[in-house]
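J.: only the shape, not the letters, is given here:
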Ligand code: NAD
């Protein structure tokens, strides 16, 4: 039977005007309570991450707890400024009067999140939604059940159910939730599901934020040092076993330097994860057998089509272990060449001219991130100016995500709308225009019938 969430939605909708009108201290108290609850239950968070992904505790602290805590701190520090009514100067035609922008909550928000950073990607949007004064329904991913249970329990301890509720379940639950007339939907997940979410939102014209994925390239400049580039990418691709929306998806390396790059990648894997990552207790596992099968199928397809492959040890489906994997000489039409990998496989492609590399990237969808490893500023600037991407990091990985005021998000296929800092707050806010006239309203002087002097004034205005 198809589930229905009308009663949960109605409770959130009924509470929304009251919650939105409470003083800011209410939002601050809730966010402080959320922060304290998460820190108090840090070891439960670690356990949930180990259960869902075999995630090391340090990674859970850095990539789950810290972003939520930092977002709360940033919202608390800026909430007064973000919510302050802005007063604008007036054009001649609007004098006398007052023009204001009120930053009001949108109302009732739905947040649907993925499994790869399950707590972060559910609770960071929640922080902005609550900061903006909304009531919220959270739908965590069913593929990280220990994390979903943790989120539900934390939220229940901090918020009444008509302020924030958590609904756990699979795709059918998500589909049923999308039947409700939300004021805003914040979705993080794959581009394919994102387009379904947008279609569902169009039924009630709900606004959407879509944080999606895609193939994020790494441009390696010839002067950077291919060996060093390989080492750095080995670390970046290894984080969460490549199951990161902003992971480097593939590398673009000068043709003459490919062998050095491959050597560097192998050395980087050994340095960070040992000669056999299979026996490294901190190597993150693949989330589900079907995801492991997808990676393996794509790899087998590449091998069958003549690609070269390097792995430090063998994949093991029983343990959902998939090693860091380098692929080169892969034809363009293969899955590893065309589709988002979302795992620890790194295809390497070569270029002989910068134009070639640009053409390759610009012929595909606009990526979520475009990475550049280069110490040549002019070349770096050329890559930035002649491409489009949600974000760019030069000579490092992931760090744009960590800045509280850099807008985070994609472009078209990699996302619509931005998150983080004021950008996240605004996604959940309506910028409402308010124009106030006093007793004297000169508008009435310009109404029909149009006398000669009215025509003169209007003629003067448009001249
Ligand atoms: P997914 O799209 O399969 O699922 C995300 C959420 O959507 C889950 O809660 C799931 O239950 C729900 N869902 C699945 N099918 C649905 C449907 N038909 N209708 C409505 N809801 C549905 O994504 P995933 O596998 O959980 O995550 C991987 C993808 O997410 C990758 O593409 C990755 O790049 C992207 N991602 C993006 C970001 C970002 O911030 N841009 C962050 C993490 C992951």
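T.: In hand now; what should we look at? Just so it is clear, the model here is predicted, and its values are computed rather than measured.
J.: show me which residues of the stretch 151-300 of the chain are close to the ligand?
T.: 171, 174-175, 178, 188-190, 193, 196-197, 211-213, 245 (Cβ under 6 Å from any ligand atom). Placement of C-beta: from N, CA and C, glycine included.
J.: now the buried members of these.
T.: By neighbour count, with 16 or more other Cβ atoms under 10 Å, those hold 174, 178, 188-190, 193, 196-197, 211-213, 245 as buried.
J.: may I ask which two of the residues of the stretch 151-300 of the chain next to the ligand are separated the most?
T.: Maximum pairwise distance among these (Cβ to Cβ): 22.1 Å, between 175 and 245.
J.: hang on, the earlier thing: put together a markdown table for the buried ones among the residues of the stretch 151-300 of the chain next to the ligand, with distance to residue 426, pLDDT and secondary structure on each row.
T.: Below are those laid out as a markdown table (distance: Cβ to Cβ, whole Å; pLDDT from 0 to 100; DSSP: H, G, I helix; E, B strand; the rest coil):
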| residue | distance to residue 426 | pLDDT | secondary structure |
| --- | --- | --- | --- |
| 174 | 25 | 98 | helix |
| 178 | 23 | 98 | coil |
| 188 | 17 | 98 | strand |
| 189 | 21 | 98 | coil |
| 190 | 25 | 97 | coil |
| 193 | 24 | 98 | helix |
| 196 | 25 | 98 | helix |
| 197 | 20 | 98 | helix |
| 211 | 15 | 98 | strand |
| 212 | 19 | 98 | coil |
| 213 | 23 | 95 | coil |
| 245 | 21 | 97 | coil |
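J.: which single one of those residues is nearest to residue 397?
T.: Among those, and counting by Cβ to Cβ, the member closest to residue 397 is residue 245, at 12.5 Å.
J.: residues contacting the closest one?
T.: 114, 116, 188, 211-213, 342, 368 (Cβ atoms under 8 Å, 6 or more residues apart in numbering).
J.: again, only this time at 7 Å
T.: Residue 245 makes contact with 213, 368, according to Cβ atoms under 7 Å, 6 or more residues apart in numbering.
J.: the residue of the stretch 101-250 of the chain found nearest the ligand: what's its closest spatial neighbour, skipping adjacent residues?
T.: The stretch 101-250 of the chain approaches the ligand most closely through residue 213 (1.9 Å), counting by Cβ to the nearest ligand atom. Residue nearest to residue 213 in three dimensions, not counting chain neighbours: residue 245, with 4.6 Å by Cβ to Cβ, 6 or more residues apart in numbering.
J.: secondary structure element for the residue lying closest to residue 239 once chain neighbours are set aside?
T.: Leaving aside its chain neighbours, residue 239 sits nearest to residue 247 (6.9 Å; criterion: Cβ to Cβ, 6+ apart). Per DSSP states H and E: residue 247 is located in neither a helix nor a strand.
J.: contacting residues around residue 247?
T.: Taking Cβ under 7 Å, 6+ apart, one finds 216, 236-237, 239 in contact with residue 247.
J.: again with residue 204
T.: residue 181.
J.: follow-up on the earlier one: need the residues of the stretch 151-300 of the chain next to the ligand in JSON lines (columns: distance to residue 420).
T.: Rendered in JSON lines, the data for those read as follows (distance: Cβ to Cβ, whole Å):
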{"residue": "171", "distance to residue 420": "27"}
{"residue": "174", "distance to residue 420": "24"}
{"residue": "175", "distance to residue 420": "28"}
{"residue": "178", "distance to residue 420": "24"}
{"residue": "188", "distance to residue 420": "13"}
{"residue": "189", "distance to residue 420": "18"}
{"residue": "190", "distance to residue 420": "21"}
{"residue": "193", "distance to residue 420": "22"}
{"residue": "196", "distance to residue 420": "25"}
{"residue": "197", "distance to residue 420": "20"}
{"residue": "211", "distance to residue 420": "10"}
{"residue": "212", "distance to residue 420": "16"}
{"residue": "213", "distance to residue 420": "17"}
{"residue": "245", "distance to residue 420": "14"}
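J.: next up, the contacts around residue 128.
T.: 75, 419, 424-425, 427-428.
J.: which one of those is nearest the ligand?
T.: When these are compared against the ligand (criterion: Cβ to the nearest ligand atom), the nearest one is residue 419, at 7.4 Å.
J.: now do the phi/psi pair for that closest one.
T.: phi -130, psi 180 (degrees, to the nearest 10).
J.: buried stuff in stretch 293-301?
T.: Neighbour-count burial for stretch 293-301 [16+ other Cβ under 10 Å]: 294-296, 298-299, 301.
J.: and that stretch, what's its mean pLDDT?
T.: Averaged across stretch 293-301, the pLDDT comes to 98.
J.: re the thing from before, which of the contacts of residue 128 are close to the ligand?
T.: Counting by Cβ under 6 Å from any ligand atom, no member of these reaches the ligand.
J.: pick the one among these closest to residue 85.
T.: Using Cβ to Cβ, those come closest to residue 85 at residue 425, 14.8 Å.
J.: for that closest one, grab phi and psi.
T.: phi -60, psi -40.
J.: check contacts around it.
T.: Per Cβ under 7 Å, 6+ apart, neighbours of residue 425: 82, 128, 131-132.
J.: equivalent analysis for residue 384, please.
T.: Counting by Cβ under 7 Å, 6+ apart, residue 384 has contacts residue 392.
J.: and it, that one's in a helix?
T.: Yes - read with DSSP: H, G, I helix; E, B strand; the rest coil, residue 384 is one of the residues of a helix.
J.: tell me how far it lies from residue 456.
T.: 52 Å (Cβ to Cβ, to the nearest Å).
J.: inside strands: which ones of the contacts of residue 247?
T.: Applying DSSP state E to the contacts of residue 247, no entry is found in strands.
J.: adding neighbour count, write these out as a markdown table.
T.: Formatted as a markdown table, those follow (neighbours: other Cβ atoms under 10 Å):
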| residue | neighbour count |
| --- | --- |
| 216 | 28 |
| 236 | 21 |
| 237 | 29 |
| 239 | 20 |
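J.: now those as JSON lines including pLDDT and distance to residue 338?
T.: Formatted as JSON lines, the contacts of residue 247 follow (pLDDT from 0 to 100; distance: Cβ to Cβ, whole Å):
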{"residue": "216", "pLDDT": "98", "distance to residue 338": "14"}
{"residue": "236", "pLDDT": "97", "distance to residue 338": "21"}
{"residue": "237", "pLDDT": "97", "distance to residue 338": "18"}
{"residue": "239", "pLDDT": "95", "distance to residue 338": "23"}
